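Asks: Take a look and give me a structure for this.
(one chain, ligands or ions: 3)
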Amino acid sequence: MYVQNASNPDRKPVTAPGLRAMKAEGRRIVMLTAYDASFAFQLESAGVDVALVGDSLGMVVQGHASTLPVTLDHMVYHTAAVARGLHSTLLVADLPFMSDRDTAHALEAGARLVGEGGAAMVKLEGAAPHVLEAISALVARAIPVCAHLGLTPQSVHKFGGFRIQGREQEAADRVLAEARAVEAAGADLIVLEGMPTSLAQRITEAVAIPTIGIGAGPHCDGQVLVLHDLLGVTPGKRPKFSKDFLLGRDSVAAAIAAYADEVRRGVFPAPEHCFN
Ligand SMILES: Nc1nc(=O)c2c([nH]1)NC[C@@H]1CN(c3ccc(C(=O)N[C@@H](CCC(=O)O)C(=O)O)cc3)CN21
Ligand SMILES: CC(C)C(=O)C(=O)O
Ligand SMILES: [Mg+2]
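Replies: Ligands and ions are numbered 1, 2, ... in the order given. Reported below is the predicted structural model:
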């Protein structure tokens, strides 16, 4: 088994170009959220490839019903804390709701998340014209970008809830076109959230950049989960696509290691975590 830990500080840093190489070589990418330095250290020790400071912190850390109340100041604070727990893990931070309202704001947000927070990549939702422009502008200033398509939680009010996207043929074709558009705009990575397995597979085969799935089936180039779901500490019901990896295990470290192992072997997600 492929095991790395913090007592092995020699792991080569994970980088944006390195992720493309992993797709080309068929090595699955393990991504997981973190919101503080202690859990970041656990991710690092387990050999997780990518740590995401998600705006999901609005829900699992702050207790809100959506990600919309999260501010750029909150994101910078948590990103800087996570950065202190990491060594070779690639650090990605979400642009919070409305921080990408125009290109000037997106650049300001990217500059703070990278400059103050220590992120190596920023993530933004959707493929609207202003988002494509923001992606190009960030990439032109050497800030790698992760796109995020499908069930984009910042659109919860437009969707009428956290609803699976791309179920109809026309909607599916639209998401595929969005994936091609964010790749053309210069994105290095795409998170595919809450969509049918077949659509995520089509997208993964259509783009050269890696796709990371969450509720998008097993054919993506990698997987991401919210840490609290993986540890079974999410208040209320967790999404159907998530899995409690602490169940039957005796430590946080063992749970994260099991997740990484199941993603790399293609065991997670199983059919019960997928939408058809
Ligand atoms: N704890 C947690 N886990 C997440 O994965 C997550 C967050 N919070 N917060 C931000 C977004 C919101 N997400 C969510 C939240 C709920 C569902 C959900 O309940 N989905 C239904 C499917 C609905 C349908 O069929 O259209 C489900 O049964 O899982 C999905 C994504 C994903 N992200
Ligand atoms: C669920 C992931 C992809 C995310 O955007 C977040 O945690 O905010
Ligand atoms: Mg997010």
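Asks: Other residues contacting stretch 32-46?
Replies: By Cβ atoms under 8 Å, 6 or more residues apart in numbering, the residues outside stretch 32-46 that reach it are 4-6, 48, 50-54, 56-57, 60-61, 78, 81-89, 224-227, 230, 252-253, 256-257, 259-260. From N, CA and C alone the C-beta is placed, and that goes for glycine too.
Asks: any idea what sits nearest residue 187, other than its immediate chain neighbours?
Replies: Of all residues not flanking residue 187 in the chain, residue 147 sits nearest, at 4.3 Å (Cβ to Cβ, 6 or more residues apart in numbering).
Asks: Residue 128 is in contact with that neighbour, correct?
Replies: No - using Cβ atoms under 8 Å, residue 147 makes no contact with residue 128, being 11.5 Å away.
Asks: between the two, which one's more packed in?
Replies: Neighbours were counted for residue 147 and for residue 128 using other Cβ atoms under 10 Å; residue 147 has more, 29 against 13.
Asks: for the helix or strand encompassing the more buried one, packing partners?
Replies: Assigned by DSSP states H and E, residue 147 belongs to strand 145-150. Under the contact criterion of 3 or more Cβ pairs under 8 Å, 6 or more residues apart in numbering; DSSP states H and E, strand 145-150 touches strand 121-125, helix 129-140, helix 169-185, strand 189-193, helix 197-206.
Asks: got a list of what the residue nearest to residue 187 touches?
Replies: Per Cβ under 8 Å, 6+ apart, neighbours of residue 147: 123-124, 127, 135, 179, 182, 187, 189-191.
Asks: Flag every residue of this structure that's near ligand 1.
Replies: Selection of the chain residues close to ligand 1 by Cβ under 6 Å from any ligand atom yields 56, 59-60, 67, 151, 153, 162-164, 194, 226, 228-229, 234, 238-242.
Asks: how about the closest residue to ligand 3 within the stretch 151-276 of the chain, what does it touch?
Replies: Of all residues in the stretch 151-276 of the chain, residue 153 sits closest to ligand 3, at 5.9 Å by Cβ to the ion. By Cβ under 8 Å, 6+ apart, the contact set of residue 153 is 55-56, 66-67, 125, 162, 193.
Asks: Let's see if you can find the most crowded of those residues.
Replies: In terms of neighbour count, residue 55 stands highest of the contacts of residue 153 at 27 neighbours, by other Cβ under 10 Å.
Asks: What strand or helix carries that residue?
Replies: Element membership for residue 55, per DSSP H and E: none, as it lies in no helix or strand.
Asks: Same check on residue 92?
Replies: If you go by DSSP H and E, residue 92 is part of strand 90-94.
Asks: who touches that strand?
Replies: 13-16, 18-19, 31, 49-55, 70, 75, 79, 82-83, 113, 117-124, 146, 189.
Asks: Quick check: chain neighbours aside, which residue is closest to the residue of the chain found nearest ligand 2?
Replies: Nearest residue of the chain to ligand 2: residue 54, at 2.1 Å (Cβ to the nearest ligand atom). Nearest residue to residue 54 in three dimensions, chain neighbours excluded: residue 33, at 4.4 Å (Cβ to Cβ, 6+ apart).
Asks: So what sits opposite the one you found in the bridge?
Replies: Beta bridges link residue 33 to residue 52 when assigned by DSSP bridges.
Asks: And the pLDDT for it?
Replies: The confidence metric pLDDT takes the value 99 at residue 33.
Asks: Ligand 3 versus residue 12, what's the distance?
Replies: 27 Å (Cβ to the ion, to the nearest Å).
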